[in-house]
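Participant: Let's see this in three dimensions:
(one chain, ligands or ions: 1)
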Amino acid sequence: MYICVDFDGTVVDHRFPEIGKPVPHAIKWLKRLNECGARLILYTMRSDSEQMGNVLSDAVRYLENEGVSLFSVNNNPSQKDWTTSPKVYGDIYVDDSAFGCPLIKPKGFTRPCVDWKIVGPQLEHLCLSRRL
Ligand SMILES: [Mg+2]
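Facilitator: Next comes the predicted model:
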């Protein structure tokens, strides 16, 4: 199961190009989804450039340092066999900008972020039920 996960507002608070404070429970749930066999794809607007610096690499390193395993970054290598579409294939997309995504606004955060207390258990359930 491929889960595409946004970064700013989903894993950390919106502080681009910096790395914001951790979104509550995001890392815990991403690691749990790793354990459930989900293939996590970092799906973010961040990109490394001379102008902005290594903001994508910063995000990847952040997740690695937190113990989250990424299947890939801004692409899904498995889709090359069956499509030329530039859209990254995922079974599920988790993004604070997605319509319907449960959000919270922790104190001190710049904008609402993903409510992992709601999203995490539902993804875990989906992941475990598809694995059977
Ligand atoms: Mg976002």
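Participant: May I have the phi/psi pair for the residue of the chain found nearest the ion?
Facilitator: Among the residues of the chain, residue 9 lies closest to the ion, at 3.5 Å counting by Cβ to the ion. Backbone N, C-alpha and C define where each C-beta goes, glycine included. Dihedral angles phi and psi of residue 9 (degrees, to the nearest 10) take the values phi 90, psi -10.
Participant: Could you pull up the contacting residues of it?
Facilitator: Under the criterion of Cβ atoms under 8 Å, 6 or more residues apart in numbering, the contact list for residue 9 reads 23, 95-97, 111-114.
Participant: Helices along this structure, start to end?
Facilitator: For the chain, the helices identified by DSSP state H occupy 26-35, 55-65, 116-131, in order along the chain.
Participant: Return the most buried member of those helices.
Facilitator: Ranked by mean neighbour count, these are led by helix 26-35 with a mean of 19 (mean count of other Cβ atoms under 10 Å).
Participant: now the helices of the chain as JSON lines including distance to residue 16?
Facilitator: Below are the helices of the chain laid out as JSON lines (distance: least, Cβ to Cβ, whole Å):
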{"stretch": "helix 26-35", "distance to residue 16": "16"}
{"stretch": "helix 55-65", "distance to residue 16": "7"}
{"stretch": "helix 116-131", "distance to residue 16": "20"}
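Participant: quick one on the thing from earlier: between the contacts of residue 9, which is closest to residue 14?
Facilitator: If you rank these by distance to residue 14 using Cβ to Cβ, residue 111 comes first, at 4.9 Å.
Participant: isn't residue 63 right up against residue 44?
Facilitator: No - the pair residue 63 and residue 44 fails to qualify as a contact (Cβ atoms under 8 Å) at a distance of 10.5 Å.
Participant: of all the residues in the protein, which ones are close to the ion?
Facilitator: Where proximity means Cβ under 5 Å from the ion, the interface of the chain facing the ion comprises 6, 8-9, 96.
Participant: mind running it again at 8 Å?
Facilitator: Applying Cβ under 8 Å from the ion, we find that the chain lies next to the ion at 6-10, 14, 44-45, 95-97.
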